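J.: this is a predicted model, with the sequence first.
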Amino acid sequence: MKKIILFFVALSFFAACQQTEDEKAAPLMNTIDSLYKAGNYQATLNAITRLRAQHPKAIESREKALKIWQDASLKMAQNDVGRTDSALQATIRQYNAEKNLYRKNMLRVKRDSLQTRYEALCGTVLVIHRRQAEK
């Protein structure tokens, strides 16, 4: 009987000494936080993908990483909206000033492509805002 009790005590002691999944994921979460704070959003998303693959049972870490994922995705999309808008405005100015019909048609294609990209990026930003409001 004493051996059984001793076995269960030893087993509970052994179980208490093991790291939880969130403790195992902590170094990667620190990396994710520092990458996000440094503004390296693509590397942040890549690190979160690694976290999801390597630590599927680290629930608290994954929940925190989801918020960071949304924030980093939003920042990337907003930066891309700004760059696309600048390129679109420059193309519109070139289009309006162009006299050569061929080059004007080529600028129209570029303008339409940039306009489509701009609208899609704005839609992405809107979806991210809605998802963040749900939480």
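T.: Everything's here; your move. Numbering: from 1, shown residues only.

J.: in the strand or helix carrying R93, what counts as buried?
T.: Using DSSP states H and E, R93 sits within helix 59-97. Within helix 59-97, the residues that count as buried by 16 or more other Cβ atoms under 10 Å are 61-62, 64-65, 68-69, 72-74, 76-77, 80-81, 84, 87-88, 91, 95. The way it works is simple: take the backbone N, C-alpha and C, and place the C-beta from them, glycine included.

J.: same question for stretch 103-113.
T.: Neighbour counts over stretch 103-113 (16+ other Cβ under 10 Å) mark 107, 110-111 as buried.

J.: list just the nearest of the residues you listed to K99.
T.: L107 (11.4 Å; Cβ to Cβ).

J.: and the closest residue to the closest one other than its chain neighbours, how far from N30?
T.: Closest residue to L107 apart from its sequence neighbours, by Cβ to Cβ, 6 or more residues apart in numbering: Y95 at 4.2 Å. Note on Y95: its distance to N30, by Cβ to Cβ, to the nearest Å, is 49 Å.

J.: among the buried residues of stretch 103-113, which are in helices?
T.: Among the buried residues of stretch 103-113, the members found in helices (DSSP state H) are 107, 110-111.

J.: okay, the angle between the helix or strand harbouring N105 and helix 59-97?
T.: In this assignment (DSSP H and E), N105 forms part of helix 101-134. Here helix 101-134 runs at an angle of 150 degrees relative to helix 59-97 (axes from the mean of the first three to the mean of the last three Cα atoms, to 10 degrees).
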